[in-house]
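>>> need the 3D shape of this:
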Amino acid sequence: MQQVWTEAHPKPTLLSDFILGSQDGIVNVLGIILGLVAAHTAAKIVLIAALAALGAESIAMAAVAYTSTRSRRRLYLGEVRRELNEMKLVPHLEREEVREILAKWDYKGKELEDLLNRICANPKAWLEFMLAFELHLTPVEEDEPRRSGYVVGASTVVGHLIPLAPFLVVGANVLLGAVTAILLSAIALFITGWYEAKISVGSWWQNGLQMVLIGLGGGIAGYLIGYAIQAVPGL
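Here you go, the predicted model:
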């Protein structure tokens, strides 16, 4: 039965785009914040740097999502054109390719021939069968590059704001802002991993913990870099 993707079950591409943007936003800004905190930077500079990263990174991530998805669509359309040409020019070879796939699925004899004839009698079914099971391609809709760019860009902004939010509240208390940013980031990452497991497969707590470790690993890297730079004489 074909899966119906609704608000309760979002399309896989939307989920992956959201995770990509939000996780990147959290890790990127948390690394910057902890690096600047380790270098004993004032709260105002931390805030300015994080906001600058928010603007640049969200635009960059949206652009990358748009162009990469557009490239996938162009590849898909190119393969559609090639398959249509082959179905027109060498239909006997294309039928044999369908036959080979069906044979791998353990269809035999009359059952195989009947199914082969049914598929090849419908050009749309024939084309989609070859795209899915010979080339292992999934359709990329016309509006998908734009949608992917919007989702990744917006989720990147959301991800940036999570570790940045404490510094909009605590003022000059850099240490309190950093600790709060770590806690908020860990909670957000865990929830993302939990939700991914809920609508797909896997252990919710393992997925959540994995997200936290990956995200906080980036923050720790930023802290170590900032600490190392601060320790260099003359810098």
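
>>> how about H136, phi and psi?
phi 60, psi 50 (degrees, to the nearest 10).

>>> again, but for V169
Dihedral pair for V169: phi -110, psi -40, per degrees, to the nearest 10.

>>> okay, now it: neighbour count?
Using other CB atoms under 10 Å, V169 has 10 neighbouring residues. C-beta coordinates here come from the backbone N, C-alpha and C atoms, glycine included.

>>> heads up, I number from 414, so please use that
Fine by me, first position is 414 from now on; the one you just mentioned is V582.

>>> confidence score at it?
Note on V582: pLDDT of 87.

>>> measure it to I461 for me?
16 Å (CB to CB, to the nearest Å).

>>> show me where the protein has its helices.
425-451, 456-502, 504-517, 522-534, 536-546, 557-577, 587-612, 617-644 (DSSP state H).

>>> so where's this structure uncertain?
414-425, 647-648 (pLDDT under 70).

>>> mind redoing it with 80?
414-426, 583-585, 612-614, 646-648 (pLDDT under 80).

>>> the residue of the chain most remote from its centre and L515, how far apart?
Farthest-out residue of the chain from its mean C-alpha position, per CA atoms, centre = their mean: K523, at 44.0 Å. Taking CB to CB as the measure, K523 falls 12 Å from L515.

>>> please apply the same query to A585.
Separation of A585 from L515 (CB to CB): 70 Å.

>>> what does S568 give?
41 Å.

>>> who has more neighbours, the two?
S568 (25 against 19).

>>> surely the more buried one and D430 touch.
Yes: the pair S568 and D430 qualifies as a contact (CB atoms under 8 Å) at a distance of 7.0 Å.

>>> contacting residues around the closest residue to A451 other than its chain neighbours?
Leaving aside its sequence neighbours, A451 sits nearest to G639 (CB to CB, 6 or more residues apart in numbering; 3.5 Å). G639 sits next to L447, G448, L449, V450, A451, A452, T454 when contact means CB atoms under 8 Å, 6 or more residues apart in numbering.

>>> as JSON lines, those residues with neighbour count and distance to F542 would be great.
Formatted as JSON lines, the contacts of G639 follow (neighbours: other CB atoms under 10 Å; distance: CB to CB, whole Å):
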{"residue": "L447", "neighbour count": "27", "distance to F542": "51"}
{"residue": "G448", "neighbour count": "23", "distance to F542": "52"}
{"residue": "L449", "neighbour count": "24", "distance to F542": "55"}
{"residue": "V450", "neighbour count": "22", "distance to F542": "56"}
{"residue": "A451", "neighbour count": "19", "distance to F542": "57"}
{"residue": "A452", "neighbour count": "18", "distance to F542": "59"}
{"residue": "T454", "neighbour count": "17", "distance to F542": "59"}
